[in-house]
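Participant: what would the 3D arrangement of this be:
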Amino acid sequence: MDKFPEQIGSNIRKLRKDRGWSLEKVAETTGVSKAMIGQIERGESNPTVAVLWKIANGLKISFTSLLKNEDHPVTFVHYKDVQPVLEDNGRYIVYPIFPFEPTKKLESYRVELEPGCSYENEGHQEGVEEYLTILTGTMELELDGQKFTLSEGSSLHFYGHKPHIYKNTHGEKAVCQMVIYYRD
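Facilitator: The predicted structure is shown next:
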């Protein structure tokens, strides 16, 4: 877990070099400053969810491809063993459970929203679908002028290319399983 920032930095550096891009080109494409990209690549900064999404969307890659480690034929994961990514002062917590694999075209997360949490996603690239299943608590999702209230046991599927907001306006923590699918 203590190597998490280095892992992210190594993945970004590899992607950048594979494309033959400079730090400046990555900064232009993602909207994240050249200095911040450099700090992330060196493992000196542990980026927020929002920064990682900007990088992923700008590079047109999956979020978890920035987080992934080497592949194994069988993987057992307990969310407590996964380094979380925090947003909204630690009230929006994302555990990247199964990172993106090109042959599967999906990634899976455990997401926890503390009471009062609000997280806005600017939207993913075209062709991304989200599948949410609420494990505990209640959360709201605002998407394209509609508001959905989800409680334990309910699920929602939507196309994620438009901005959307996850909120917990209730008094207890909300936990959901999120699967993001990348269509061709």
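Participant: which of the residues in stretch 141-157 are buried?
Facilitator: Buried residues in stretch 141-157, defined by neighbour count with 16 or more other C-beta atoms under 10 Å: Leu141, Leu143, Leu150. C-beta coordinates here come from the backbone N, C-alpha and C atoms, glycine included.
Participant: what sits against the most centrally placed residue in the chain?
Facilitator: Among the residues of the chain, the one closest to the centroid is Phe63, at 5.0 Å (C-alpha atoms, centre = their mean). By C-beta atoms under 8 Å, 6 or more residues apart in numbering, the contact set of Phe63 is Leu52, Trp53, Ala56, Pro96, Phe100, Glu107, Ile180.
Participant: just those residues: which has the poorest pLDDT?
Facilitator: pLDDT across those is lowest for Phe100, at 76.
Participant: is it true that that one lies in a helix?
Facilitator: No: read with DSSP: H, G, I helix; E, B strand; the rest coil, Phe100 is coil and lies in no helix.
Participant: okay, now the spatially closest residue to Glu87 that is not a sequence neighbour: neighbour count?
Facilitator: Using C-beta to C-beta, 6 or more residues apart in numbering and skipping the chain neighbours, the partner closest in space to Glu87 is Val49 (4.1 Å). Using other C-beta atoms under 10 Å, Val49 has 19 other residues around it.
Participant: so where is this protein shaky, pLDDT-wise?
Facilitator: Where the chain drops to pLDDT under 70, the residues are 1-4, 69-73, 101-103.
Participant: can you give me the strands in this protein?
Facilitator: Secondary structure of the chain (DSSP state E): strands at 85-87, 92-98, 106-113, 118-121, 128-136, 138-143, 146-151, 155-159, 164-167, 174-182.
Participant: who wins for proximity to Asp18 among those strands?
Facilitator: strand 174-182 (18.7 Å; C-beta to C-beta).
Participant: contacts for that closest one?
Facilitator: Strand 174-182 has contacts (C-beta under 8 Å, 6+ apart) with 62-63, 100, 105-113, 124, 127-139, 150, 160, 168.
Participant: again, only using 7 Å
Facilitator: For strand 174-182, contacts defined as C-beta atoms under 7 Å, 6 or more residues apart in numbering pick out 62, 105-113, 127-139, 168.
Participant: distance to Lys17 added to the buried residues of stretch 141-157, as TSV?
Facilitator: Listed next are the buried residues of stretch 141-157 as TSV, based on distance: C-beta to C-beta, whole Å:
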residue	distance to Lys17
Leu141	37
Leu143	36
Leu150	41
